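S.K.: Could you work out the structure for the sequence below:
(chains A and B)
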2 protein chains.
Amino acid sequence: MRARWLKMTVAYDGGAYAGWQIQPDRLTVQGVVESAWREITQESVRLSAAGRTDAGVHAHGQVAGVVTESHLPAEDLHRGLNAVLPDDVVVLAVEEARKGFHATHDAIGKRYRYQIHNGRIPSVFDRHFTWHYPRPLDAAAMHVAGQSLVGRHDFASFESAGSERVDTVRTITELTVARGTGELAEQVTVEVAGDGFLYNMVRVIVGTLVEVGRGARNIDWPPEVLAARDRRRAGQTVPPHGLILVRVDYE
Amino acid sequence: MRARWLKMTVAYDGGAYAGWQIQPDRLTVQGVVESAWREITQESVRLSAAGRTDAGVHAHGQVAGVVTESHLPAEDLHRGLNAVLPDDVVVLAVEEARKGFHATHDAIGKRYRYQIHNGRIPSVFDRHFTWHYPRPLDAAAMHVAGQSLVGRHDFASFESAGSERVDTVRTITELTVARGTGELAEQVTVEVAGDGFLYNMVRVIVGTLVEVGRGARNIDWPPEVLAARDRRRAGQTVPPHGLILVRVDYE
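M.R.: Here you go, the predicted model:
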């Protein structure tokens, strides 16, 4: 049989999952997608993925790579997977990929979104996908403060302990903080795009910008945190359920 | 003790509930709000409500009336209720009302919204609050067809069996069907406002307009259904989880 490389785009509500990465005796997104694959092809595969999202983190556009010997057309695999997957995991696309495609190693950029419900009263409808922060936040100050993080920097201050990574230099290409208007006036959205992210990096960045937004720190503080290369200097790691992996880019 | 009338505005995700109205041995929204009231005031009350939303139906702005002997300030009641309510029910406001206020009898208008996810692939993020309808819908045709229902009419064709109502004449003041744009291009939203609604009326109206939207019927069909005064002539009752009671109006 000839091997064949496929690229899958997957959306999920991470609320019920111990993250993307497969673990024994835990419900993981990778685990349910690999089970679905086995169910429709009778083939055991191991998926590569662009981002190992943590427990509770969501994805609009996670990308997973698979090497398969199945001859089923991509469209049939796509329909078959969605027919057997639970309703909190949906495959958005299955495409043929170049020989050797690896979703982790070939990714050249990722975009994350963090949603904050910044109103006094919690929102019933957004509660699974936004973090409720009841005290007033100055989104404009957060945006200005965040611009100091854009560019190529050593983000050691923004990496949670427990990672094995040695190289903590990454490039953030874009960081925006904006408050919605009209019905969305209580929603503050942080979007961060870059070439790669350290463990919990987006959540620590948001936690740091929230310190500025609530007035505890001024806009000159995030660059100080960055320069310190010390996790203890940064803000809290905000909760996972506000975080969404929006998109992964490839060449 | 002097009786005191209060008006509460309540939002809820109806997914876990057997509807608003209290029932023995069933989880209902009224039941959990009355329990929360008892927990913070040690007083048993019976709430009146503007709309007896069915099992699975949601509310942005349900209105409930309460007659109480509590002397607690409205703001303390508000905060206390939200502290003990589950996270799928939130009190948005507690206000003093005029003597004799009754949320059901005093309502002069209501607005409902029905959300359809009209894309081939289901949406992970909207799945609790939108009905997934995968085949193409012509929202403009649905809008045009719906205008025949605006005004004062006998809506007997749009009432599910099982109601005890004798008078089936109601006035719809506004009915719009619109497709979203940009990221929301797969979302079709039906909004209906009127002086009152029969049992399942909004869901039968939507089911009837969907017949037009999918091309099975033309835009002249809804007025024929209306004139027939026969439930068997109308479309299906669409699922509850797409329906939201948006607002209730009082004098």
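S.K.: Run through who's touching the helix or strand encompassing A:A83.
M.R.: Secondary structure from DSSP states H and E places A:A83 in helix A:74-84. With contact meaning C-beta atoms under 8 Å, 6 or more residues apart in numbering or on different chains, helix A:74-84 is reached by A:6, A:8, A:33, A:36-37, A:39-41, A:70, A:72, A:90-91, A:93-96, B:121-122. (Glycine included, C-beta is placed from N, CA and C.)
S.K.: what do you get if the cut-off is 6 Å, keeping everything else the same?
M.R.: Applying C-beta atoms under 6 Å, 6 or more residues apart in numbering or on different chains, the external contacts of helix A:74-84 come out as A:A36, A:E39, A:I40, A:V91, A:V94.
S.K.: Pull out the buried members of these.
M.R.: A:A36, A:I40, A:V91, A:V94 (16 or more other C-beta atoms under 10 Å in any protein chain shown).
S.K.: Include secondary structure and pLDDT when you put those into CSV, please.
M.R.: Output for the buried ones among the contacts of helix A:74-84, formatted as CSV (DSSP: H, G, I helix; E, B strand; the rest coil; pLDDT from 0 to 100):
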residue, secondary structure, pLDDT
A:A36, helix, 98
A:I40, helix, 96
A:V91, strand, 98
A:V94, strand, 97
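S.K.: Any idea how far apart the tips of stretch A:174-193 sit?
M.R.: One end of stretch A:174-193 to the other measures 5 Å (C-alpha to C-alpha, to the nearest Å).
S.K.: Give the buried residues for that stretch.
M.R.: Under the neighbour-count criterion of 16+ other C-beta under 10 Å, stretch A:174-193 has A:L175, A:T176, A:V177, A:R179, A:E186, A:Q187, A:V188, A:T189, A:V190, A:E191, A:V192, A:A193 buried.
S.K.: on that earlier part again, max pairwise distance over the contacts of helix A:74-84: which two?
M.R.: Greatest spatial distance in those: A:E39 and A:V94, 15.1 Å, computed using C-beta to C-beta.
S.K.: Domains in chain A, by residue range?
M.R.: Annotated domains of chain A cover A:4-96, A:109-250 [automatic domain parsing].
S.K.: Which residue ranges of the stretch 51-200 of chain A form strands?
M.R.: Per DSSP state E, counting those that start in this stretch, the stretch 51-200 of chain A carries strands over the ranges A:58-68, A:89-96, A:107-117, A:131-132, A:151-154, A:169-179, A:187-194.
S.K.: highest average neighbour count across those strands?
M.R.: strand A:58-68 (a mean of 24; mean count of other C-beta atoms under 10 Å in any protein chain shown).
S.K.: Do stretch A:121-140 and chain B come into contact?
M.R.: Yes. Applying C-beta under 6 Å from any C-beta of the partner chain, one finds stretch A:121-140 touching chain B at A:P122, A:V124, A:R127.
S.K.: got the CA positions of stretch A:32-52 in CSV?
M.R.: Extracted in CSV, the C-alpha atoms of stretch A:32-52 (Å, rounded to 0.1, in the frame of the first residue of the first chain):
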residue,chain,number,x,y,z
VAL,A,32,-11.7,10.9,19.8
VAL,A,33,-10.5,11.9,16.3
GLU,A,34,-8.2,8.9,16.1
SER,A,35,-11.0,6.6,17.3
ALA,A,36,-13.3,8.1,14.7
TRP,A,37,-10.6,7.4,12.1
ARG,A,38,-10.4,3.8,13.2
GLU,A,39,-14.1,3.4,13.1
ILE,A,40,-14.4,4.5,9.5
THR,A,41,-11.2,3.0,8.0
GLN,A,42,-10.3,0.1,10.4
GLU,A,43,-6.9,1.7,10.4
SER,A,44,-5.0,2.9,13.5
VAL,A,45,-3.2,6.2,12.9
ARG,A,46,-1.3,8.7,15.0
LEU,A,47,-2.2,12.3,14.2
SER,A,48,0.3,15.2,14.2
ALA,A,49,-1.2,18.5,15.2
ALA,A,50,-0.3,22.2,14.9
GLY,A,51,-1.0,23.1,18.5
ARG,A,52,-1.3,21.0,21.6
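S.K.: which outside residues touch that stretch?
M.R.: A:20-21, A:30, A:63-66, A:70, A:80-81, A:84-85, A:89, A:102-104, A:107, A:245, A:248.
S.K.: at 7 Å instead, please
M.R.: A:10, A:19-22, A:30, A:62-70, A:72, A:77, A:80-81, A:84-86, A:89, A:102-104, A:107, A:110, A:245, A:248 (C-beta atoms under 7 Å, 6 or more residues apart in numbering or on different chains).
S.K.: And it, how far out from the chain middle?
M.R.: 20 Å (C-alpha atoms, centre = their mean, to the nearest Å).
S.K.: Sort out which residues of it are buried, please.
M.R.: Neighbour count says stretch A:32-52 has A:32-34, A:36-37, A:40-41, A:45, A:47-52 buried, by 16+ other C-beta under 10 Å.
S.K.: Turn the residues you listed into TSV, columns for distance to B:H132 and secondary structure.
M.R.: Below are the buried residues of stretch A:32-52 laid out as TSV (distance: C-beta to C-beta, whole Å; DSSP: H, G, I helix; E, B strand; the rest coil):
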residue	distance to B:H132	secondary structure
A:V32	19	helix
A:V33	20	helix
A:E34	25	helix
A:A36	19	helix
A:W37	23	helix
A:I40	21	helix
A:T41	25	helix
A:V45	28	coil
A:L47	26	coil
A:S48	30	strand
A:A49	26	strand
A:A50	26	coil
A:G51	26	coil
A:R52	29	coil
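S.K.: for these, which one is nearest A:G213?
M.R.: A:G213 has its nearest neighbour among the buried residues of stretch A:32-52 in A:G51, at 25.5 Å by C-beta to C-beta.
S.K.: Just the pLDDT at A:R52, thanks.
M.R.: pLDDT, A:R52: 87.
S.K.: Flag the shaky bits of chain A, pLDDT-wise.
M.R.: A:1, A:163-165 (pLDDT under 70).
S.K.: Which residues of it lie near chain B?
M.R.: A:11-13, A:82, A:87-88, A:90, A:92, A:121-122, A:124-125, A:127, A:129 (C-beta under 7 Å from any C-beta of the partner chain).
S.K.: Check these for burial and list the buried ones.
M.R.: Buried among the residues of chain A next to chain B (16+ other C-beta under 10 Å): A:11-13, A:82, A:88, A:90, A:92, A:121-122, A:124-125, A:127, A:129.
S.K.: Taking the residues you listed together, which two end up most distant?
M.R.: Top of the distance list for those (C-beta to C-beta): A:N82 and A:I121, 36.2 Å.
S.K.: Now the helix holding A:A83: buried residues?
M.R.: In helix A:74-84, counting by 16+ other C-beta under 10 Å, buried: A:A74, A:L77, A:H78, A:R79, A:G80, A:L81, A:N82.
S.K.: For that helix, what is the distance to the chain centroid?
M.R.: Taking mean C-alpha positions (C-alpha atoms, centre = their mean), helix A:74-84 and its chain are 24 Å apart.
S.K.: Count residues in the vicinity of A:Y199, would you?
M.R.: Residues near A:Y199, counting by other C-beta atoms under 10 Å in any protein chain shown, number 18.
S.K.: got it, and A:T53?
M.R.: 25.
S.K.: My read is that A:R214 contacts A:L137, right?
M.R.: Yes. Counting by C-beta atoms under 7 Å, A:L137 is a contact partner of A:R214 at 6.0 Å.
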